[in-house]
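A.B. asks: predicted coordinates and the sequence they were generated for:
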Amino acid sequence: MSETNELVVIERASALEVFTSPTKIDELLQDIERQARSFVPDLSTGTSRKAIASMANKVARSKTYIDAIGKNVVADLKKLPAQIDEQRRLVRERLDLLKDEVRKPLTDWEVEQERFAAEKAAEEERLRIATEEKAAAEAMAIRVRDDHELALYMNKDIDRERAEKAAELERQRIAHEEQIKRQAAEQARIDAEENIKREREESAQREAALKLKAEQEEQAKIEVQQAAEREKKEAAEKVERDKKEAQERAEREKQEAIAEEQRKQQEAEQRRVAEEKRIKDEADRRAANIEHQKKINNQVFDILIKAGISADCAKECVIAIVKHQKEAAASGQHSPVKINY
């Protein structure tokens, strides 16, 4: 328990449990209420009155303290999704790279197989064409031979022309076959290069996408951190403002208590002076009244003496008249004889 500021202390490790458990908060409030209500106020001295203000200030400080701890818990919880997302991003990126690394031999093999398949298809196509052309050439040779045998009886110019034509056809067939082989090989090379290029472009696109995503997530992380820092700063500023307000309020209450005490002392002093004056005035009035009555009584005494009454008798008469006059006044009766003062 704090000796100067708060009535309770919340450990950081258990703060989340305190704010998510109604019973914990209730126990916390009950503890504060028990301490505050067990305090016996005493207004008899300035020190006691300061103790009352101090206890009220501790209750206010406890409120600010608990609220600030709760705000820090909320700030920590707000950071948690960003931390989890950061770990998810790290897992995705590293496992994607690991997947590409593990699969690379197979990817390279598949590209090579595609190149081999393209070359094989081109070779098969070339062989098919060559077979067809060879069959056509053989058929042509048979026809030429048959025609030659039939043309033995024809002139030598026709034989030479046909031979040249057959030779030209054979040359054209061989040239065409070579062209097909070159085209097939070139096409296989082009297809293999395009496959490799396409795979590299796709890999580059994936890397660029991962890099962009990483940059975006890093920016989001920075923004979350900046927001958390702003909230932390705002919370610290609020705590400082609350502390300053509490100190100013405590100082005002202290000054007000001092002023109230001074006012009460002044009023008490004024009442004492007034009471002393009243007592003195009453005493003076009674003394003056007694002196006045004594003077009148002496005048009556002198009148009785002049009337021929002895001094002792005159004194007893005055005493008897004064006594009877007081008794009649006390009982509300009318005295037949009295001395007017």
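C.D. replies: Yep, it's here.
A.B. asks: can we go C-alpha only for contacts and neighbour counts from here?
C.D. replies: Will do.
A.B. asks: in space, not sequence, find me the middle residue of the chain.
C.D. replies: With distances taken as CA atoms, centre = their mean, the residue of the chain nearest its centroid is A75 (3.3 Å).
A.B. asks: what about the closest residue to it other than its chain neighbours, neighbour count?
C.D. replies: Nearest residue to A75 in three dimensions, chain neighbours excluded: A228, at 6.6 Å (CA to CA, 6 or more residues apart in numbering). By other CA atoms under 10 Å, the residues close to A228 number 17.
A.B. asks: I'd guessed A228 sits against L77; true?
C.D. replies: No. Using CA atoms under 8 Å, A228 is not in contact with L77, being 10.5 Å away.
A.B. asks: next up, phi/psi of A257, please.
C.D. replies: A257 adopts backbone torsions of phi -60, psi -40, taken as degrees, to the nearest 10.
A.B. asks: run a quick neighbour tally on the nearest residue to it once chain neighbours are set aside.
C.D. replies: Excluding the flanking residues, the one nearest A257 by CA to CA, 6+ apart is R49, at 7.5 Å. When neighbours are counted by other CA under 10 Å, R49 registers 17.
A.B. asks: check I69 too.
C.D. replies: I69 has 19 neighbours, counted by other CA under 10 Å.
A.B. asks: which residues touch it?
C.D. replies: For I69, the contact set (CA atoms under 8 Å, 6 or more residues apart in numbering) comprises 10, 15.
A.B. asks: sec struct for it, please.
C.D. replies: helix (DSSP: H, G, I helix; E, B strand; the rest coil).
A.B. asks: and it, what pLDDT?
C.D. replies: Predicted confidence (pLDDT) for I69: 82.
A.B. asks: check V144 too.
C.D. replies: So, for V144, pLDDT stands at 66.
A.B. asks: the chain should start at 12 in everything you say after this.
C.D. replies: Done: numbering now begins at 12, and the last item shifts to V155.
A.B. asks: separation between A128 and V122?
C.D. replies: Separation of A128 from V122 (CA to CA, to the nearest Å) stands at 10 Å.
A.B. asks: for K349, grab phi and psi.
C.D. replies: The phi/psi pair for K349 (degrees, to the nearest 10) reads phi -160, psi 160.
A.B. asks: that one and A148, how far apart?
C.D. replies: 183 Å.
A.B. asks: then A341?
C.D. replies: According to CA to CA, A341 stands 172 Å off from A148.
A.B. asks: neighbour count winner among the two?
C.D. replies: Neighbour count, other CA under 10 Å: between A341 and A148, A148 has more, with 18 against 9.
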